[in-house]
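**Q** structure of the sequence below:
(chains A and B)
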Amino acid sequence: MIGDILAGRVRPGTQVTIQGWLRTRRDSKAGLSFLHLHDGTCFKAIQVVAPSTLANYERDVLKLTAGCSLVVRGELVESQGKGQAVEVRAGSIELVGAVDDPDTYPIAAKQHSFEYLREVAHLRSRTNTFGAVARVRHCLAMAVHRYFHERGYYWIHTPIITASDCEGAGEMFRVSTLDLVNLPRDESGEIDYSRDFFGKSAYLTVSGQLNVETYCQALSRVYTFGPTFRAENSNTARHLAEFWMIEPEIAFADLTDNADLAEDFLKAIFRTVLDERADDMAFFAERIEKTAITRLEKFIDTRFERMEYAEAIDVLEKSGKSFEFPVSWGVDLQTEHERYLTEEHVKRPVVVLNYPKQIKPFYMRLNDDGRTVAAMDVLAPGIGEIIGGSQREERLDMLDGRIDEMNLDKDAYWWYRDLRRYGTVPHAGFGLGFERTVQYVTGMANIRDVIPFPRTPNNADF
RNA sequence: UCCCCGAUAGCUCAAUUGGUAGAGCGAGCGGCUGUUAACCGCUAGGUUGCUGGUUCGAGUCCAGCUCGGGGAGCCA
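**A** Prediction:
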């Protein structure tokens, strides 16, 4: 693999076979062509020197254009030119797949706009940027699993399809096999979902949290890591209709343990990326976001600020800033408020704790003051809210009180309530948007460019 | 969903008060060179997003639509 060679794991003089896709070709009248070949195993492409004495030099090599797939056999040699330490002196070049109309190949050897590349998402993976994003994304995903595995957490596969609107976390996608042009109706003319596939309404999950809590109260430390769906009509650089979410849940734990976990976890996976994907991170720092590396290093080295919600409100009220949305105790923090807190006031990640109960979901634990719940948001400069979590309400009477207050159907949560009846324990957890994490690490401005095939309102191409 | 901006060659963008639509890159051909986003010359490439309107004449002005971008809401 090209990654092994460019990492110095293959000695010059070795016969090698490399397989990949052509980036550029430059011909020299000295009787050779220079090919840059990439195979995605590392950031860089490798230079292949193709002498004109190759049997298919005239027929194939001189006609190679960006995107052609090749198998090159030859000797790894120290480069005579500047710009690379080693190169492959080709003994044979096999053209595996030609580009049949080079004029229309969408990925030219030049800079394309990300907006354009989204329209050719099936080929953008061949660019420097999207190769780097894919490798960093993988690295982060593996780092997540490794972090939890090494600390005794179990990965729980919570369902993709769910019959309950778990936490009221937004609009849901309906899952149905009913014939839309011939819907079954009941006596009152309503759609009869009892005749749908699951015998009732079903949806794509908006969170695995309620389900994973059941395993938390048996296996102690668990997490989910899977796709999540929100049918919100959100058109922003930080929202997707289909995204991946990481949700750890820890038993015998309170909000402080939760915040500690969030901080240690984020720092650990960021450290892993810096260690393992230095080549890609160098690219992001050079071409995408100047502070990509220094920002992560600073993130890792500084302790998160911790701030009570009430204190945050106080800070905002005394900031002298004129916010579009006025601030007072009881309101939810807007994007502009969160940005001020993390970017201007403390200038580093901040965990805001204990929010008013009326702006948070029913399952969050009511504090002794009776008006706040044990919720936390982790805010980071440049991205805003990256984590939202809470200590869960483990007392059945309190939970029922919250369910009633919010006019929810107690029966729908019968199994969730059972957990509070049979050996309940204090527990806590949080949700981390995986794509937002990839965005933060890479500095990519739009969330649609950190997932291979983004799904957003009006767009499910590819 | 709301506010603002935009859509011109394969890509990135020009085009003066409404008057014959251009450049760079990419592509093709030729030249030059152990080349590095190579360089030099030539060539091809367009129903100016769609529909309608105003006008002698619309890339340019007006309306609607579609798509994209920035910001906001919802949130992760």
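
**Q** what's the neighbour count on the closest residue to RNA strand B within the stretch 351-462 of chain A?
**A** Proximity of the stretch 351-462 of chain A to RNA strand B (CB to the nearest atom of the strand) peaks at A:G433, 3.2 Å away. Yep, even glycine has a C-beta here, placed from its N, CA and C like the rest. Neighbour count of A:G433, defined by other CB atoms under 10 Å: 23.

**Q** over to the one 10 residues further on?
**A** For A:G443, the number of neighbouring residues by other CB under 10 Å comes to 20.

**Q** contacts only, for it.
**A** A:F284, A:A285, A:I288, A:E289, A:T291, A:A292, A:R295 (CB atoms under 8 Å, 6 or more residues apart in numbering).

**Q** go again with 7 Å.
**A** A:F284, A:I288, A:E289, A:A292 (CB atoms under 7 Å, 6 or more residues apart in numbering).

**Q** residues of stretch A:439-455 that come out buried?
**A** By neighbour count with 16 or more other CB atoms under 10 Å, stretch A:439-455 contains the buried residues A:439-444, A:447-451, A:454-455.

**Q** of all these, which two lie farthest apart?
**A** Largest separation among the buried residues of stretch A:439-455 by CB to CB: A:G443 and A:R455, giving 22.6 Å.

**Q** shaky segments in chain A?
**A** Applying pLDDT under 70 to chain A picks out residues A:164-170.

**Q** any chance of the contacts of A:G443 in a markdown table, with distance to RNA strand B and secondary structure too?
**A** Shown next, in a markdown table, are the contacts of A:G443 (distance: CB to the nearest atom of the strand, whole Å; DSSP: H, G, I helix; E, B strand; the rest coil):
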| residue | distance to RNA strand B | secondary structure |
| --- | --- | --- |
| A:F284 | 17 | helix |
| A:I288 | 13 | helix |
| A:E289 | 13 | coil |
| A:A292 | 17 | helix |
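
**Q** now these: which count as buried?
**A** A:F284, A:I288, A:E289, A:A292.

**Q** pull the contacting residues for the first one.
**A** Spelled out, that is A:F284. A:F284 touches A:A132, A:A292, A:T442, A:G443, counting by CB under 7 Å, 6+ apart.

**Q** check the offset of the helix or strand hosting A:E87 from the chain's centre.
**A** Using DSSP states H and E, A:E87 sits within strand A:86-97. Offset of strand A:86-97 from its chain centre (CA atoms, centre = their mean, to the nearest Å): 36 Å.

**Q** show residues contacting the very next helix or strand once past it.
**A** Counting by DSSP H and E, the next helix or strand C-terminal to strand A:86-97 is helix A:114-119. The contact list for helix A:114-119 (CB under 7 Å, 6+ apart) reads A:R124, A:T127, A:N446, A:R448, A:D449.

**Q** identify, from those, the entry nearest to A:P159.
**A** A:R448 (26.4 Å).

**Q** report the secondary structure state of that closest one.
**A** Secondary structure for A:R448, judged by DSSP: H, G, I helix; E, B strand; the rest coil, is helix.

**Q** how about the residues of the stretch 151-300 of chain A that lie near RNA strand B?
**A** A:169-170, A:207, A:230, A:232-241, A:243, A:245 (CB under 7 Å from any atom of the strand).

**Q** what residues does the stretch 301-450 of chain A put near RNA strand B?
**A** Near RNA strand B, when you scan the stretch 301-450 of chain A using CB under 7 Å from any atom of the strand, you find A:325, A:332, A:334-336, A:384-388, A:431-433, A:435-436, A:445-448.

**Q** filter those residues down to the ones in helices?
**A** A:T335, A:E336, A:E435, A:R436 (DSSP state H).

**Q** weed out the non-buried ones from the residues you listed.
**A** Looks like these have A:E435, A:R436 buried, using 16+ other CB under 10 Å.

**Q** make CSV from the ones in helices among the residues of the stretch 301-450 of chain A next to RNA strand B and add distance to A:D409 to it.
**A** Output for these, formatted as CSV (distance: CB to CB, whole Å):
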residue, distance to A:D409
A:T335, 32
A:E336, 36
A:E435, 32
A:R436, 32
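
**Q** just the ones in helices among the residues of the stretch 301-450 of chain A next to RNA strand B now: which is nearest A:G189?
**A** Closest to A:G189, out of all of these and judged by CB to CB, is A:E435, at 41.7 Å.

**Q** just to check, that closest one is in contact with A:I451?
**A** Yes. A:E435 lies in contact with A:I451 (CB atoms under 7 Å); the separation is 5.4 Å.

**Q** now chain A against RNA strand B: closest residue?
**A** A:G81 (2.3 Å).

**Q** which phi and psi does that residue have?
**A** With angles defined as degrees, to the nearest 10, A:G81 sits at phi -100, psi 170.

**Q** from A:R221, how far out is it?
**A** A:G81 sits 54 Å away from A:R221, going by CB to CB, to the nearest Å.

**Q** who has more neighbours out of these two?
**A** A:R221 (19 against 9).

**Q** contact partners for the closest residue to that one other than its chain neighbours?
**A** Leaving aside its sequence neighbours, A:R221 sits nearest to A:Y153 (CB to CB, 6 or more residues apart in numbering; 4.4 Å). Counting by CB under 7 Å, 6+ apart, A:Y153 touches A:R221, A:V222, A:Y223, A:P248.
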